[in-house]
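Student: model this:
(one chain, ligands or ions: 2)
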Amino acid sequence: MGDLFGLNQFLLTLLIFVPVERLFAARPQKIFRRGLLTDLAFLFLNGWLVMVGQIVIVTVAILVNQSILPSAVKQAIDDLPYWVQVPLVIVIGDLGVYWTHRILHVVPAMWHIHAVHHAVEELDWLAAVHQHPLDVMFMKAGSLFPLFALGFSTEAIATYFLVYYWQAYLIHANVRLNYGPLRYVLVSPEFHHWHHSSEIEARDKNFAGIFSFYDLLFGSVYLSKGQKPKTFGVDNPMPTNYLALLAYPFVTWASKHKRDDPSGT
Ligand SMILES: [Zn+2]
Ligand SMILES: [Zn+2]
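Tutor: Ligands and ions are numbered 1, 2, ... in the order given. Now for the predicted structure:
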């Protein structure tokens, strides 16, 4: 997620979320919590790796738009004003996030990539960036590919980017916010905190990034009234430094392959 944000944007985000978390904390937690330096490495180094994947995704999507998409569809989308394109782009983009996120959870080989994000045990706004670059690329493929393939304007897609990044920090932030009855429409911090919960009943639930109605629609919603998630993280021990976390899916795939095929062939 550091791909769009430079140092200035990071400082601005910090100036918003650090005081808000102090004022409305969901759980008592230090600013200088465990894993802070690792998250800063994710923030400043992941973007360069993700950018390569993003260029490939967008290039292929534009080729699809130019060579496969019927010109009538292209024209119809082109004619839509910016204020109509923006909500459409957000709804389509978040549907892509929902399904790529769900695949990352339910396909065992993909889970080893996404487990890096769920390794965080002290959730706050900066935990949003604690994501393996392959995880970010896969989710971007799910959201950006259809948007560029359908030919939405770059202004509308850029607006979605801003909403997406703001939302990513907000839903991880250590704040008490559940949106009341709107919690089944929009993803609140409480909704996503349950997604990170290590409690059995909340596992593999709440996949949406922006619209919680997708979880309602596809039967994956979990909200426990009057309760808050108590613990976060995954069952197995996870590495804590950036390079070991980058290597984690590859090491896990290799050790599983070795166990399945002890002859080494
Ligand atoms: Zn997840
Ligand atoms: Zn998360």
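Student: can you pull the pLDDT of Pro262?
Tutor: Pro262 is assigned a pLDDT of 66 by the prediction.
Student: please read the previous query as pertaining to Leu4.
Tutor: In this model, Leu4 is scored at 49, pLDDT.
Student: kindly report the same for Phe138.
Tutor: Listed pLDDT for Phe138 reads 97.
Student: which one is it nearest to, not counting chain neighbours?
Tutor: Thr100 (5.4 Å; C-beta to C-beta, 6 or more residues apart in numbering). From N, CA and C alone the C-beta is placed, and that goes for glycine too.
Student: quickly note the distance from the one you found to Gln9.
Tutor: With the distance defined as C-beta to C-beta, to the nearest Å, Thr100 ends up 24 Å from Gln9.
Student: just to revisit the earlier point, distance of the residue nearest to Phe138 relative to Phe10?
Tutor: Per C-beta to C-beta, Thr100 is found 25 Å from Phe10.
Student: got the buried residues for stretch 127-143?
Tutor: Within stretch 127-143, the residues that count as buried by 16 or more other C-beta atoms under 10 Å are 127-143.
Student: in helices, which of those fall?
Tutor: The helices, defined by DSSP state H, take in 133-143 from these.
Student: what are the ranges of the helices in the stretch 101-250 of the chain?
Tutor: Per DSSP state H, counting those that start in this stretch, the stretch 101-250 of the chain carries helices over the ranges 108-118, 133-150, 154-172, 189-196, 213-217, 242-260.
Student: quick one: contacts of the last one?
Tutor: Outside helix 242-260, the residues within contact range by C-beta atoms under 8 Å, 6 or more residues apart in numbering are 38, 41-42, 45, 109, 112-113, 115-116, 119, 132-134, 238-239, 264.
Student: if you set the cut-off to 6 Å instead, what comes out?
Tutor: The contact list for helix 242-260 (C-beta atoms under 6 Å, 6 or more residues apart in numbering) reads 38, 41, 112-113, 116, 239.
Student: how far does that helix sit from the chain's center?
Tutor: 22 Å (C-alpha atoms, centre = their mean, to the nearest Å).
Student: and if you look at the fourth one?
Tutor: Helix 189-196 sits 12 Å away from the centroid of its parent chain (C-alpha atoms, centre = their mean).
Student: again with the third one
Tutor: Averaging C-alpha positions (C-alpha atoms, centre = their mean) puts helix 154-172 11 Å from its chain's average.
Student: mean confidence for it?
Tutor: For helix 154-172, the mean pLDDT works out to 96.
Student: check the fourth one too.
Tutor: Rounded to a whole number, the mean pLDDT of helix 189-196 is 95.
Student: okay, that helix in PDB with CA atoms only?
Tutor: Below are the C-alpha coordinates for helix 189-196, written out as PDB (Å, rounded to 0.1, in the frame of the first residue of the first chain):
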ATOM      1  CA  PRO A 189     -13.400  -0.900  11.800                       C
ATOM      2  CA  GLU A 190     -15.300  -3.300  14.000                       C
ATOM      3  CA  PHE A 191     -16.400  -5.400  11.000                       C
ATOM      4  CA  HIS A 192     -12.800  -5.800   9.800                       C
ATOM      5  CA  HIS A 193     -11.400  -6.300  13.300                       C
ATOM      6  CA  TRP A 194     -13.600  -9.400  13.500                       C
ATOM      7  CA  HIS A 195     -12.000 -10.500  10.200                       C
ATOM      8  CA  HIS A 196      -8.700 -10.500  12.000                       C
END
